[in-house]
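Asks: I would like the atomic coordinates for the input below:
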Amino acid sequence: MSQVDAFTPGGFMAAKKTAGPQFASADARELWSETTETYAMAAHEKLILKGACSALDKIAALEDELEGADLMSKGSMGQDVANPLLGELRQTQAAFDRAMKQLALPDVDGEDAGASRSSSAREAAAARWGT
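Replies: You can find the predicted model right below:
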């Protein structure tokens, strides 16, 4: 009986409130907690948010791996090629961006998610979440 805690007066079982997913990076944990505390989210939205947070974990791991690493490596024919982790980092950052766009969360002050945002606001968000 997973996630079952007790019978309710109506005879139905009440589910235990479970903690959110566990994430490795502080950015992912913060994004999850701030978002789930601020917005009421449907199950499918939480899955999208979980994917975004997992992408943040992967971004942090890739950035750690790339720290101090050579940005160029040798290809199969001995030619200089970009470190493959750079491409993976770029793809993961794009996946994070897509997930956040798909969520289309409104600003806390109620601004519609579809409303255009200034470039400075986009830059601030990118700096905060490491994208």
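Asks: any weak-confidence spans in this structure?
Replies: 1-19, 108-127, 130-131 (pLDDT under 70).
Asks: scan it for its longest helix.
Replies: Determined from DSSP state H, the single longest helix within the chain is helix 43-66.
Asks: list the contacts of the following helix or strand past it.
Replies: Beyond helix 43-66 on the C-terminal side, the first helix or strand identified by DSSP states H and E is strand 72-74. Contacts to strand 72-74, defined as C-beta atoms under 8 Å, 6 or more residues apart in numbering, come from residues 80, 81, 82, 83, 84. C-beta here means a position set from N, CA and C on the backbone, and glycine is covered the same way.
Asks: ok, now stretch 83-96?
Replies: 51-52, 55-56, 58-59, 62-63, 65-66, 69-73, 129, 131.
Asks: repeat the analysis, applying 7 Å as the threshold.
Replies: Residues outside stretch 83-96 that contact it (C-beta atoms under 7 Å, 6 or more residues apart in numbering) are 52, 55-56, 58-59, 62-63, 65-66, 69-73, 131.
Asks: of those, select the buried ones using a PyMOL command.
Replies: To isolate the buried ones among those in PyMOL, judged by 16 or more other C-beta atoms under 10 Å, type:
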select buried, resi 52+55+56+58+59+62+131
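Asks: of the contacts of stretch 83-96, closest to residue 35?
Replies: Proximity of the contacts of stretch 83-96 to residue 35 (C-beta to C-beta) peaks at residue 52, which lies at 8.8 Å.
Asks: tell me which of the contacts of strand 72-74 fall in helices.
Replies: residue 84.
Asks: what's residue 51 in contact with, if anything?
Replies: residue 99 are the contacts of residue 51 under C-beta under 7 Å, 6+ apart.
Asks: renumber starting at 204 from here on
Replies: Fine by me, first position is 204 from now on; the one you just mentioned is residue 254.
Asks: that one and residue 245: what is the separation?
Replies: Counting by C-beta to C-beta, to the nearest Å, the separation of residue 254 from residue 245 is 15 Å.
Asks: next one: residue 286
Replies: Distance of residue 286 to residue 245, given as C-beta to C-beta: 39 Å.
Asks: got the CA positions of the longest helix of the chain in PDB?
Replies: The C-alpha coordinates for helix 246-269 follow below in PDB (Å, rounded to 0.1, in the frame of the first residue of the first chain):
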ATOM      1  CA  ALA A 246       0.000  16.800 -12.700                       C
ATOM      2  CA  HIS A 247       1.200  17.200 -16.300                       C
ATOM      3  CA  GLU A 248       2.600  20.600 -15.500                       C
ATOM      4  CA  LYS A 249       4.600  19.100 -12.600                       C
ATOM      5  CA  LEU A 250       6.000  16.600 -15.000                       C
ATOM      6  CA  ILE A 251       7.200  19.400 -17.300                       C
ATOM      7  CA  LEU A 252       8.700  21.200 -14.300                       C
ATOM      8  CA  LYS A 253      10.400  18.000 -13.200                       C
ATOM      9  CA  GLY A 254      11.900  17.800 -16.700                       C
ATOM     10  CA  ALA A 255      13.100  21.400 -16.500                       C
ATOM     11  CA  CYS A 256      14.600  20.800 -13.000                       C
ATOM     12  CA  SER A 257      16.300  17.600 -14.300                       C
ATOM     13  CA  ALA A 258      17.800  19.600 -17.100                       C
ATOM     14  CA  LEU A 259      19.200  22.100 -14.600                       C
ATOM     15  CA  ASP A 260      20.800  19.200 -12.800                       C
ATOM     16  CA  LYS A 261      22.400  18.000 -16.000                       C
ATOM     17  CA  ILE A 262      23.500  21.500 -16.900                       C
ATOM     18  CA  ALA A 263      25.200  21.900 -13.500                       C
ATOM     19  CA  ALA A 264      26.900  18.500 -14.000                       C
ATOM     20  CA  LEU A 265      28.100  19.400 -17.500                       C
ATOM     21  CA  GLU A 266      29.400  22.800 -16.400                       C
ATOM     22  CA  ASP A 267      31.300  21.100 -13.600                       C
ATOM     23  CA  GLU A 268      32.800  18.600 -16.100                       C
ATOM     24  CA  LEU A 269      33.700  21.400 -18.500                       C
END
